[in-house]
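Q: model this:
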Amino acid sequence: VDTTIVPYLDEAGKPVEYVAIRTDISRRKSYEVALKSAETRLKRQNRALRDLVMRDHSDINTLEEIVQFYTETIAHALNAQRVGLWLYNDDHTRFESADLYDLQQQRHVQARSFVIAENSEFFATLEREQLMSVSDMASAPELEHLNNATLEPHRVGALLGASIYAGKTAIGLLLVEQLNSGREWTLDEENFVTSISDLLSAIMETINRNRVESALRMIAQAAPTSGTIFEELVFQISKGVGAAFVAIGHLNADRSRVNTLGAWYENSIISNFSYEVGDQVTDEIMVRQFNIKEEPEEFAIQMAAGVRFRARSYLSVPIVDRAHKVVGVIVVMSRVTIQNIDLASSMLQLCATRAAAELERNEAAERLKSIVESMSDFIWETDAHGRVVYCSDRVKSILGYAPGELIGRHFSEFATEDGVGDKGQGFIRMVMSGRVIRNFELWVMTKGNTRVCLLCNAAPIYDEEGRILGYRGINSDITQRKESEMRTRLLATAIDQS
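A: Numbering: from 1, shown residues only. Alright, predicted model coming up:
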């Protein structure tokens, strides 16, 4: 109850009586408590996302290298008793535990596997909907077997589950468990788990890509010095097979044409082109096997309008994605009979796998970019001299600058304007000293000459010899919060003075 006491004064200005006005503010207080709780949750989640996104994933080769960091971070962010990651076994009959973190015990524990046939309805629902939110396990009949056989011995009362994908294929699941009682999962918690599953999916694709690249080092020992990886691959194939023409192509959306990604002819890279599916060379690409054709005399094959390649033999191998769908083709044509078919077959199969991985990597990069751009914060990176080399698109909605307007500019240009120099100089000193920056509040000027307050978190980037190459960080707009705090302080001061 909020009480206000108002005095009634006589002609001499002395109080003769008092009137107390009482207002029921229970609903307002409940709303304030709920708002504060939501703000606390979002802070934990944003902090966890920043930790996960800013972790260097470039040299990851196995999931075991990071999975414990992920499950532990998620458990603390959601205050969930158990968080686990399970992956399909080789024959897709079981989900095997990759890691399970117990928040109460503060340690990683062993977990039993899931037999897919015994829990088919649960896994089918999860794969179809990608996210399953269960606030009370006892009231979910489709989870009865899963609950009784797998979760009940651990007293799981509520569950958040999300599928993990590699490309378009489900490869595992992330489970967040509340023990002993039910729990109403909030929308922000569900969105957080979905974002983490998307990030894990992108990481799984990175791991698979790294494995493929390791196997292909025998073909392409170094990254291409110019051009694209597809151009490097056609060059390597031409050298290994001794072919006059090599092309790696990607099927278009309606699968009627092939658009080349890299093409080699007569000792040089040629411009990319497209050709129709169904001619003499490409009518077999839908067959998922190695194809070879040889003729005793040379024959001409038209691959593009006005361009004809004459060859005695050709090889083709489809490019197949992880969903076992043909997405492209590698075509090799030679003026002479190819001598070592087994070697050529192995080389093309490896290169087809590499090409598929590169296509998936490009798609994964786009998905990861969309995750970053969907965040309310913006991510940035500078070189060793403090010049901006990267900034996510979200910066435009916060500072008014397009990313391209910031590239090449020194960050001090934004941290020292309009009388905020002392704070800005403190930020600059921290960066130049190579310190990790955590929750640093900095007022800066936008392109429209308005002030915004940023919550800065950043870490230095080092080379192999420990030299700082630059900084990578993430900034959150906390202007509304800071202005609200200022208004609260002013109100409190006014009340004290009255």
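
Q: for the stretch 251-400 of the chain, what spans make up the helices?
A: Assigned by DSSP state H, counting those that start in this stretch, the helices in the stretch 251-400 of the chain fall at 341-374, 395-399.

Q: elements contacting the first one?
A: Going back to what we said before, that points to helix 341-374. In terms of contacts (3 or more CB pairs under 8 Å, 6 or more residues apart in numbering; DSSP states H and E), helix 341-374 is packed against helix 187-215, helix 229-241, strand 245-251, strand 307-320, strand 326-334. In this view, the C-beta of every residue, glycine as well, is placed from N, C-alpha and C.

Q: Least reliable of the helices of the stretch 251-400 of the chain by average pLDDT, please.
A: Among the helices of the stretch 251-400 of the chain, helix 341-374 carries the lowest mean pLDDT, at a mean of 77.

Q: Just the buried residues of stretch 341-361, please?
A: Within stretch 341-361, the residues that count as buried by 16 or more other CB atoms under 10 Å are 344-345, 347-348, 350-361.

Q: ok, so of these, who is nearest residue 157?
A: Residue 157 lies nearest to residue 360 out of the buried residues of stretch 341-361, by CB to CB, at 38.3 Å.

Q: do you know how far that closest one is from residue 80?
A: To residue 80, residue 360 is 31 Å away according to CB to CB, to the nearest Å.

Q: cool, and residue 263?
A: From residue 263 across to residue 80, the span is 52 Å (CB to CB).

Q: Next: residue 325.
A: Distance from residue 325 to residue 80, by CB to CB: 37 Å.

Q: ok, the two, which is more surrounded?
A: Under the criterion of other CB atoms under 10 Å, the comparison of residue 325 against residue 80 puts residue 80 first, with 23 against 14.

Q: secondary structure class for the more buried one?
A: coil (DSSP: H, G, I helix; E, B strand; the rest coil).

Q: And for residue 22?
A: Residue 22 is classified as strand under three-state DSSP.

Q: Residue 175: neighbouring residues, count only.
A: Residue crowding around residue 175 was assessed by other CB under 10 Å; the count is 25.

Q: helices and strands around the host helix or strand of residue 488, which ones?
A: Using DSSP states H and E, the element containing residue 488 is helix 479-497. Counting by 3+ CB pairs under 8 Å, 6+ apart, the packing neighbours recorded for helix 479-497 are strand 451-462.

Q: What part of this structure, helix or strand, is modelled with the least confidence?
A: Lowest mean confidence among the helices and strands of the chain (mean pLDDT, DSSP states H and E): strand 291-304, at a mean of 57.

Q: Any idea how many residues pack against residue 438?
A: A count of neighbours around residue 438, defined by other CB under 10 Å, yields 12.

Q: ok, now residue 66?
A: 18.

Q: Equivalent analysis for residue 405, please.
A: When neighbours are counted by other CB under 10 Å, residue 405 comes out with 15.

Q: And it, how far from residue 399?
A: In this view, residue 405 and residue 399 are 9 Å apart by CB to CB.

Q: what touches both of the two?
A: Common contacts of residue 405 and residue 399, defined by CB atoms under 8 Å, 6 or more residues apart in numbering, comprise residue 447.

Q: Residue 133 pairs with what?
A: residue 160 (DSSP bridges).

Q: quick one: pLDDT of it?
A: As predicted, residue 133 sits at a pLDDT of 87.

Q: Now that it has come up, it's in contact with residue 185, right?
A: Yes. In this structure, residue 133 is within contact of residue 185 by CB atoms under 8 Å, at 4.9 Å.

Q: Find residues that contact each of those two.
A: residue 160.

Q: Let me see the ranges of the helices in the stretch 51-200 of the chain.
A: All helices of the stretch 51-200 of the chain, identified by DSSP H, counting those that start in this stretch, fall at 67-78, 120-129, 144-146, 187-215.

Q: deepest of those, which one?
A: helix 67-78 (a mean of 21; mean count of other CB atoms under 10 Å).

Q: Could you list every helix and strand in contact with that one?
A: Using 3+ CB pairs under 8 Å, 6+ apart: helix 67-78 touches helix 26-54, strand 82-88, strand 94-102, strand 107-108, strand 169-179, helix 187-215.

Q: right, and these - which one's nearest residue 490?
A: So among those, helix 26-54 is nearest, using CB to CB, at 18.3 Å.
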